[in-house]
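> here is my input, please return the structure:
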Amino acid sequence: MSTAILQSRSVISISGLDAVPFLQGLITADLSALSPTHPLYGALLTPQGKVVADMFVYTQRTLCVGTSDSEARSVTSTIEREHSIVENPEDFDGVLLDIWSGFKDELLRRLSLYKMRAQVEIVDASAMWDVVVEWEESGFDLPQDPRTPSIGYRGIVAKGLPLLPSPLTGECAPIGADEGEYGSFQNHPHPSLRDTLSRQGRGEVSYHTHLCRLGIAQAGLDFGSNEVFVHDINLDLMGGVAFTKGCYIGQEVVSRVHHKAVVRTRTVAVEFEGEAPHDIQSIMAGPIEIGTIGARFGTHATARLRIDRAQEAGANGLKITCGGIKLRIPHNFS
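Down below sits the predicted model:
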């Protein structure tokens, strides 16, 4: 079991009577599918269809994984009262957004701009919550990552709240520990997340490497705000776009590309025949640039490829390189 607390993530709270309809009209995900055991993946776009920020959306009950319903309500209500997120925590019907910290200021600015007369309160709640991920297997009661099952599990947990074992396995271990150090984790004391941060080690780097090998585009490593379109980072292939919901910002551009069924650029996993170069991004097929390198870990990397050019290069037997190092790329593209 591999687990990490993602220090590179922030959490934004949107609460109030209009929280769900407010967000429903802004982002690509369909909030009617949101539940405590089923978080959503989506994005806020510009009117031109570029990604301002991708995000995970959770209900408030998802936050206290591993606790009973009564404990979850008690912890959530106490924290919200102390931080004045809502006036009446008992009536709380909000959501939390798990985002890359580099998107936080711009996302807060845009959400505040769109708020107008909506009865919502938008708060940076990063000081209250940790984003926790697991991959390889599940030992804790975290929801499955909504993008694809091969990624693993993901949830938001109140800082300082004990992370309890999964009822299926009965196992519990410090964040970042590996089985070799703690055996099968049986009878290990339930640790506080804050207390186990020192045990995390290279957990977050290992998680980013895991995503890189799967070809998953990662904010801050593969793209920034207002740099890419939905299809460039496979948001549509990972359940991040609801094509049957009502209007949202940038929908016209996304729908046009979807219905034309012509996608020029995709993010894929690639592998170097040697260590990936650190300061070169361009992927070349002979004299023609066919894409750029994003995240890179050892010999593995993600690449944003022009699909048509990559297919043409493959058909013509051209050598594909980056910084003079040969690249292996997938033969089939979505």
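
> partner residues bridging Lys326?
Going by DSSP bridges, Lys326 is paired in beta bridges with Thr321.

> change the start of the numbering to 484 and stick with it
Sure, I'll start counting at 484 from here, so that last one is Lys809.

> tell me the contacts of it?
By C-beta atoms under 8 Å, 6 or more residues apart in numbering, the contact set of Lys809 is Phe755, Glu756, Gly757, Lys802, Ile803. Every residue, glycine included, has its C-beta placed from N, CA and C.

> export these to JSON lines and tack on secondary structure and pLDDT?
Below are the contacts of Lys809 laid out as JSON lines (DSSP: H, G, I helix; E, B strand; the rest coil; pLDDT from 0 to 100):
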{"residue": "Phe755", "secondary structure": "strand", "pLDDT": "94"}
{"residue": "Glu756", "secondary structure": "coil", "pLDDT": "92"}
{"residue": "Gly757", "secondary structure": "coil", "pLDDT": "87"}
{"residue": "Lys802", "secondary structure": "coil", "pLDDT": "91"}
{"residue": "Ile803", "secondary structure": "strand", "pLDDT": "93"}
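
> low-confidence regions, the stretch 684-817 of the chain specifically.
684-685, 814-817 (pLDDT under 70).

> rewinding a little: ok, the contacts of Lys809 vs Arg787, which is closest?
Using C-beta to C-beta, the shortest approach to Arg787 within the contacts of Lys809 belongs to Ile803, at 13.9 Å.

> OK, contacts around Leu694?
Counting by C-beta under 8 Å, 6+ apart, the residues that Leu694 touches are Ile634, Gln701, Ala778.

> closest one of the contacts of Lys809 to His521?
Phe755 (37.0 Å).

> surely Met538 and Val578 touch.
No. In this structure Met538 lies outside contact range of Val578 using C-beta atoms under 8 Å: 10.0 Å.

> out of the two, which sits in the more crowded spot?
More crowded of Met538 and Val578, by other C-beta atoms under 10 Å: Met538, with 27 against 21.

> and the more buried one, what does it touch?
Residues in contact with Met538 (C-beta under 8 Å, 6+ apart) are Ile510, Tyr524, Gly525, Ala526, Leu527, Leu580, Asp581, Ile582, Phe586, Leu590.

> in its sheet, what does the helix or strand where it lies sit against?
Element membership of Met538 [criterion: DSSP states H and E] is strand 534-542. Strands that pair with strand 534-542, judged by DSSP bridges, come out as strand 523-528 (antiparallel), strand 578-583 (antiparallel).

> all set, thanks.
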